[in-house]
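# From the sequence below, what's the structure:
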Amino acid sequence: KCDSIPHETVSVSRSLRKITPTAYQRLRTVINKAEQISILGHKLRLNDKEREANKIIMAAKYAEIRRGLLDPTRFTPGQHIFKTLTAIRKSPIFKIIKSMPKGGVLHAHDTAICSTEFLISLTYRENLWICTVKGEKAIAFRFSVEKPTETPMAKCKWELMCEFRERMGEEKVTKYLRRRFSMYPFSKFVTNNQAWAHFMGIFILLDGLICHAPVWGDYYYNALKEFQEDGVQYLELRSLLPPLYCIGGEMLTIKDTVNIYKSELERFMADNPNFIGSKLIYAPLRGVEPKVVEEYVKTATELNKEFPDFMIGFDLVGQEELGKPLIDFVEPLLKMPKQIKFFFHAGETNWFGSPIDDNLTDAILLGTKRIGHGFAITKHPMSMRMARYLDIAIEVCPVSNQVLQLGVDYRNHPAALLVASGVPIVISSDDPSFWRCAPLSHDFYFAFLGIAPVRADLRFLKSLAMNSLRYSALEGEEKKVAFAKWQTLWDKWIDDLLAQKKN
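Predicted structure coming up:
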């Protein structure tokens, strides 16, 4: 009997075409507003001064977007950063962002955070030797009173850096070092692996220069200085914690390395009371056997006991495609004391459905507090939902993702979906030294102009700054003090922005 009752499948598209133009506009408004609710910053309310400052910011942003619409070759987020570094420095939006108090950097690596200029200045220090192949290609550096006896991976000849500079000519050496100390100007590699090989080669070259104990301390202090000058008040640094060497060849312990960090931080804080602070994440290499990770866990535990308020986290670093997946290390990692938080790199890849992006699942199950990069997470709806519901922030590093060949046009960056879906994110810079970038401003610039919606405004920028403190390892009173210090500089920045408009 039921079969005899005729029925017709309802066509929503046909039904919608029957509504009036007024009803159509109302429905369209409702859908658009519903979509905007989860976008980062949408719920934030600006005060009167911030609303006036927002007009200045959005006028500059829309001007850049209009130029990009008329001539896409002039829209910097659509191109490789190495082709647009000069243009970006002239950008009104970049200048505004550079002066903005951006909170903290939660994803950066120990020997890739100081400017190229500072690195070159280190090569003028006494007793520095350079090891070269064919008389000019640098393989290694070493501080030593006598000629070094260490043999780098490639056979090379040691000579004093001052003699090398005199022999080659200062201008030529400076130009050469500027190229060797960064990925610039290589915007195209045949493969992701090729980009990573070049990238890791810079770390290896810099080891002997930076891992000299006196230089290590100066490097960290200078990094804090450069970060602060770029509007950063807080840093969570991932470090391999290498054993440092002295001028006579004596080797220090890992605890000595941490002590140098801590003493330099205290010195910087005394000189700069507006700075919030810094914490350390022990981040050794992932391309090892499980028994080595067991040793990592022991080391992290010992360091945390001695430096409980400073060495607070653990990660495993290195190229995910060529390293071991987290699943291989679950057994030793589950033995890590609970007070040591996990901040795992995971999903820094273009692969889909492989053991590489499975790292996302394991990072979440292991209780990671944040996910480093998470580039592949938008291909994993369950991981995205878990990150949202468990309040796990994704550490988005736009420039790093581009330079290491994961993508080119920032408008296509997967973080756009995270922003639209309400998945928590923080913006970080990863290895700004190697990109010739500011400590954080370039990444904020691309996030605001390329990744975020066109209409994203000061609320988006403010939310990013606040997220960097909210999802930091700071706790309790530390976090309250951090927000207070940031708010003071934020209010002053708003006042300065409005004053500049009047003038």
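# Might you list the low-confidence residue ranges for the protein?
For the chain, applying pLDDT under 70 flags the ranges 1-14.
# all strands for it, in order.
Chain-ordered strands for the chain, with DSSP state E as the definition, fall at 103-109, 128-133, 137-143, 157-160, 232-239, 277-282, 311-314, 341-342, 345-346, 370-373, 393-396, 425-427.
# Mind putting those strands into a markdown table with mean neighbour count and distance to residue 32?
Yep, even glycine has a C-beta here, placed from its N, CA and C like the rest. Rendered in a markdown table, the data for the strands of the chain read as follows (neighbours: other CB atoms under 10 Å; distance: least, CB to CB, whole Å):
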| stretch | mean neighbour count | distance to residue 32 |
| --- | --- | --- |
| strand 103-109 | 27 | 30 |
| strand 128-133 | 20 | 60 |
| strand 137-143 | 20 | 56 |
| strand 157-160 | 15 | 66 |
| strand 232-239 | 24 | 35 |
| strand 277-282 | 24 | 40 |
| strand 311-314 | 24 | 40 |
| strand 341-342 | 18 | 38 |
| strand 345-346 | 28 | 33 |
| strand 370-373 | 28 | 30 |
| strand 393-396 | 26 | 25 |
| strand 425-427 | 26 | 22 |
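# and of those strands, who's closest to residue 226?
Closest to residue 226 of these is strand 232-239 (CB to CB; 8.7 Å).
# Can you name every helix or strand that that closest one contacts?
Applying 3 or more CB pairs under 8 Å, 6 or more residues apart in numbering; DSSP states H and E, one finds that strand 232-239 contacts strand 103-109, helix 213-229, helix 254-271, strand 277-282, helix 476-502.
# if we go to 6 Å?
Contact here means 3 or more CB pairs under 6 Å, 6 or more residues apart in numbering; DSSP states H and E; on that basis strand 232-239 packs against strand 103-109, strand 277-282.
# buried residues in stretch 90-104?
Under the neighbour-count criterion of 16 or more other CB atoms under 10 Å, stretch 90-104 has 91, 93, 94, 96, 97, 98, 100, 101, 102, 103, 104 buried.
# coming back round to it: as a markdown table, the strands of the chain with distance to residue 16 would be great.
A markdown table is the format used below for these (distance: least, CB to CB, whole Å):
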| stretch | distance to residue 16 |
| --- | --- |
| strand 103-109 | 44 |
| strand 128-133 | 70 |
| strand 137-143 | 67 |
| strand 157-160 | 77 |
| strand 232-239 | 49 |
| strand 277-282 | 52 |
| strand 311-314 | 51 |
| strand 341-342 | 48 |
| strand 345-346 | 42 |
| strand 370-373 | 40 |
| strand 393-396 | 36 |
| strand 425-427 | 34 |
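# Indicate which one of the ones you listed is closest to residue 195.
The closest approach between residue 195 and any of these, judged by CB to CB, belongs to strand 370-373 at 14.4 Å.
# Distance from the chain centre to that closest one, please.
10 Å (CA atoms, centre = their mean, to the nearest Å).
# List the neighbouring strands of it plus their orientation.
strand 345-346 (parallel), strand 393-396 (parallel) (DSSP bridges).
# what residues does it touch?
Strand 370-373 is contacted by residues 107, 343, 345, 346, 348, 363, 393, 394, 395 when judged by CB atoms under 6 Å, 6 or more residues apart in numbering.
# next one: stretch 39-58
By CB under 6 Å, 6+ apart, the list of residues contacting stretch 39-58 reads 36, 419, 420, 457, 458, 459, 460, 463, 494, 497, 498, 501.
# buried residues in that stretch?
Taking 16+ other CB under 10 Å as the basis for neighbour counts, the residues of stretch 39-58 that come out buried are 39, 40, 41, 42, 46, 50, 53, 54, 56, 57, 58.
# which among those residues gets closest to residue 475?
When the buried residues of stretch 39-58 are ranked by distance to residue 475 (CB to CB), residue 40 comes first, at 23.4 Å.
# State the distance from residue 478 to residue 278.
When distances are taken as CB to CB, to the nearest Å, residue 478 and residue 278 turn out to be 12 Å apart.
# Enumerate residues external to stretch 268-278 that contact any of its residues.
Residues external to stretch 268-278 that are found in contact with it (CB under 6 Å, 6+ apart): 221, 224, 228, 233, 234, 235, 265, 482, 485.
# Residue 412 and residue 282: what is the separation?
Here the criterion is CB to CB. By it, residue 412 lies 34 Å from residue 282.
# returning to what we had before: distance to residue 136 for the buried residues of stretch 90-104 - can I get that in a markdown table?
Listed next are those as a markdown table, based on distance: CB to CB, whole Å:
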| residue | distance to residue 136 |
| --- | --- |
| 91 | 37 |
| 93 | 41 |
| 94 | 36 |
| 96 | 43 |
| 97 | 39 |
| 98 | 36 |
| 100 | 42 |
| 101 | 44 |
| 102 | 40 |
| 103 | 43 |
| 104 | 41 |
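# now, the most widely separated pair of the residues you listed?
The widest separation within the buried residues of stretch 90-104 (CB to CB) is 23.5 Å, between 91 and 104.
# picking up where we left off before, for the strands paired with strand 370-373, give me TSV that also has distance to residue 151.
Rendered in TSV, the data for the strands paired with strand 370-373 read as follows (distance: least, CB to CB, whole Å):
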stretch	distance to residue 151
strand 345-346	32
strand 393-396	38
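# Any idea which of those strands gets closest to residue 208?
Of all those, it is strand 345-346 that lies closest to residue 208, at 25.7 Å by CB to CB.
# how far does that closest one sit from the chain's center?
Distance, centroid of strand 345-346 to centroid of chain: 12 Å (CA atoms, centre = their mean).
# contacts for stretch 418-437?
Residues lying outside stretch 418-437 but in contact with it, judged by CB under 6 Å, 6+ apart, are 38-40, 105-107, 109, 112-114, 116, 182-184, 202, 384, 387-388, 393-397, 399-400, 403, 439-440, 443-444, 447, 452, 464, 467-468, 471.
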